[in-house]
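Novice: no FASTA, just this:
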């Protein structure tokens, strides 16, 4: 299994997983078009992500199978992202295009598995021990490691002792976020985790957001 040299810092496991550098991204003359695939209607013109993010996707894919890891690497290269530096900033459209390609070619189940495997490559701090706090930390981490004027959000609201709702209003694939939420919750739950998409919108149908009910029974 591939690993990433990363540490969960404060309340944000993404902070070291996908970095915290302030360096500017590499420029790109031609970026893949994802506006017609994401549902989310925020502008990605100035959206960037730190290099540890696509590196974590490669590692998560390799956790599914070596074939998936190679496909992710290949698709990132096809879209112009090779020799990734963990602390360098890159256009967000590139890893997004890779994720949507993987979903369209290999299905929603594999995409959920990728998202769920991302937290396996993270060392969490001992002080973070509750499922709800870990789920809330996703949004803080997202904004620490993605930058741009309209990158969206992850909003978690606890609704009972062992359940809550996450609203994902961002450009990532619905299926990837569903797996990511499950993976984070499973890190801290003592029992099985259920993640069900609810609500009347879904980004896979071209809508602005997705809503998931999470139960850790």
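Specialist: Great, that's in hand. This is a predicted model, so every value here is computed, not measured. Numbers count the residues shown, from 1 in each chain.

Novice: OK, contacts around residue 209?
Specialist: When contacts are counted by C-beta atoms under 8 Å, 6 or more residues apart in numbering, residue 209 touches 39, 40, 167, 168, 169, 199, 201, 203. (Each C-beta comes from the backbone N, C-alpha and C, glycine too.)

Novice: where's the first one relative to residue 186, distance?
Specialist: Spelled out, that is residue 39. Residue 39 sits 26 Å away from residue 186, going by C-beta to C-beta, to the nearest Å.

Novice: Compare the contacts of residue 209 and tell me which is most surrounded.
Specialist: Counting neighbours by other C-beta atoms under 10 Å, residue 168 leads those with 28 neighbours.

Novice: That one reaches residue 174, doesn't it?
Specialist: Yes. If you go by C-beta atoms under 8 Å, residue 168 and residue 174 touch, sitting 7.5 Å apart.

Novice: tell me, what's touching the two both at once?
Specialist: Shared contacts of residue 168 and residue 174 (C-beta under 8 Å, 6+ apart): 203, 210.

Novice: shouldn't residue 138 be in contact with residue 180?
Specialist: Yes. At 7.4 Å, residue 138 counts as touching residue 180 under the criterion of C-beta under 8 Å.

Novice: measure residue 171 to residue 38 for me?
Specialist: In terms of C-beta to C-beta, residue 171 sits 5 Å off from residue 38.

Novice: Looking at the two, which one has more neighbours?
Specialist: Neighbours per residue (other C-beta under 10 Å) separate residue 171 from residue 38, with residue 171 holding more: 27 against 24.

Novice: any low-confidence regions in this protein?
Specialist: Applying pLDDT under 70 to the chain flags the ranges 1-29, 122-125.

Novice: mind listing the helices for it?
Specialist: Counting by DSSP state H, the chain has these helices, from start to end: 13-17, 52-64, 66-78, 93-106, 108-117, 131-145, 174-188.

Novice: intersection of neighbour lists for residue 171 and residue 38?
Specialist: With C-beta under 8 Å, 6+ apart, residue 171 and residue 38 have common neighbours residue 96.

Novice: Number of residues surrounding the residue lying closest to residue 159 once chain neighbours are set aside?
Specialist: Leaving aside its sequence neighbours, residue 159 sits nearest to residue 165 (C-beta to C-beta, 6 or more residues apart in numbering; 6.0 Å). Using other C-beta under 10 Å, residue 165 has 16 neighbouring residues.

Novice: Next: residue 164.
Specialist: Counted by other C-beta under 10 Å, the residues lying close to residue 164 total 20.

Novice: could we number from 33 for the rest of this?
Specialist: In the new count, where the first residue is 33, that last one comes out as residue 196.

Novice: Distance of the residue nearest to it when sequence neighbours are not counted relative to residue 217?
Specialist: Among residues not flanking residue 196 along the chain, residue 190 sits closest, at 4.1 Å (C-beta to C-beta, 6+ apart). Using C-beta to C-beta, we find residue 190 at a distance of 12 Å from residue 217.

Novice: Of the two, which one has the most company?
Specialist: Shown here are residue 190 and residue 217; by other C-beta under 10 Å, residue 217 has more neighbours (24 against 16).

Novice: Now find how far off-centre stretch 201-219 is within its chain.
Specialist: From the chain centre to the centre of stretch 201-219 is a distance of 6 Å (C-alpha atoms, centre = their mean, to the nearest Å).

Novice: Next: stretch 183-195.
Specialist: Centroid separation between stretch 183-195 and its chain, computed with C-alpha atoms, centre = their mean, is 16 Å.
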